[in-house]
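S.K.: Sequence first, predicted coordinates after that:
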Amino acid sequence: MASVDITYYGHSCFRITERGEITVVTDPYGADLGLPMPKLKGDIVTVSHEAHGHDNIDAVKGHSYVLGGAGEYEFGGVFIYGVPLHHVDEGKAHYNIGYVVNYGGITVAHLGDLTHVPDQATIEAMGEVNVALVPVGGGMALKASAAAEVIGMIEPNYIVPMHYALPGLAMELEPVDKFLKEMGASRVQEENSLRVTATGMPEQPQVVVLTPTL
């Protein structure tokens, strides 16, 4: 039975892996972000946009490929779909790529620094999403209310917040509690990592707050 493990390293950085398949590391950050530098190892690195908190590729040991743009990719039966989630506001472009990773039918969408609520066609282009890794703390990305709206459009099985205030973080973001309140999540599952199996999907969307592995 296929199962995907998701580990959070703080900010927008995750490790996504299935036993015997490739390991994907998303948006690795640099030391100047203020968080302890994690020990990262992976095959594929995805970069949502070029910024010091998201593109420290050298921090990931053993990687063979770096994805930094839209398109369809395949690595040994694992499909990765880079989705343009750019936003243009008052003439200023905010470049951002989201990535949907498909391990044999289990899909994980990392929305990067999404800063606006996309249109329905963009959401539909992502296909079915089992796990949505969504920014919730504001800054250059979604605030809590907009993040909740995006989740309502995607309708994933699991919702994992990212890009929110953490101890030591050298940027001002809102706490994850604001997003939990927007979602009406009174009881939230807190885990060190999330294991997703094809036969164990919750019937109702489930918010999971992952403790950063630092």
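M.R.: Thanks, I have the structure now.

S.K.: ok, residues contacting the helix or strand bottoming out on mean pLDDT in the chain?
M.R.: Lowest mean confidence among the helices and strands of the chain (mean pLDDT, DSSP states H and E): strand 92-94, at a mean of 75. The contact list for strand 92-94 (C-beta atoms under 8 Å, 6 or more residues apart in numbering) reads 86-88, 113, 115-116, 140. The C-beta positions use only the backbone N, C-alpha and C, and glycine is treated the same way.

S.K.: Going C-terminal from it, what's the next secondary structure element?
M.R.: strand 97-103 (DSSP states H and E).

S.K.: Run through the bridge partners of Leu40.
M.R.: With DSSP bridges applied, Leu40 shows beta-bridge pairing to Val60.

S.K.: Quickly note the distance from it to Asp58.
M.R.: Leu40 is 10 Å from Asp58, where distance means C-beta to C-beta, to the nearest Å.

S.K.: who's more crowded, the two?
M.R.: Just comparing Leu40 and Asp58: by other C-beta atoms under 10 Å the higher neighbour count belongs to Leu40, 22 against 11.

S.K.: Now do the same for the more buried one: its pLDDT.
M.R.: Looking at Leu40, its pLDDT is 96.

S.K.: can you check Val176 too?
M.R.: Reported pLDDT for Val176: 96.

S.K.: contacting residues for it?
M.R.: By C-beta under 8 Å, 6+ apart, the neighbours of Val176 are 136-137, 161, 164-165, 209.

S.K.: ok, residues contacting the single longest helix found in the chain?
M.R.: Assignment by DSSP state H gives helix 144-154 as the longest helix of the chain. With C-beta under 8 Å, 6+ apart as the test, helix 144-154 has contacts from 109, 111, 114, 116-118, 120, 123, 126, 129, 132, 134-138, 142, 159, 161, 174, 178-179, 181-183, 205.

S.K.: same deal with stretch 177-191?
M.R.: 136-137, 143-145, 147-148, 151, 159, 161, 164, 206-211.

S.K.: mind listing what's buried in it?
M.R.: Of the residues in stretch 177-191, 178-180, 182-183, 185 count as buried by neighbour count, 16 or more other C-beta atoms under 10 Å.

S.K.: Closest one of the residues you listed to Phe14?
M.R.: Nearest to Phe14, judged by C-beta to C-beta, of these is Phe179 at 16.8 Å.

S.K.: how close does the closest one get to Ala185?
M.R.: 8 Å.

S.K.: same deal with Gly30?
M.R.: Going from Gly30 to Ala185 by C-beta to C-beta gives 31 Å.

S.K.: Ok, Gly127 next?
M.R.: 25 Å.

S.K.: and if you look at Ile80?
M.R.: Counting by C-beta to C-beta - Ile80 and Ala185 are separated by 29 Å.

S.K.: what's the answer for Asn96, then?
M.R.: Distance from Asn96 to Ala185, by C-beta to C-beta: 25 Å.

S.K.: thinking again about what came up before, could you dump the contacts of Val176 to CSV with neighbour count?
M.R.: Converted to CSV, the contacts of Val176 look like this (neighbours: other C-beta atoms under 10 Å):
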residue, neighbour count
Val136, 31
Gly137, 25
Pro161, 27
Tyr164, 24
Ala165, 17
Val209, 20
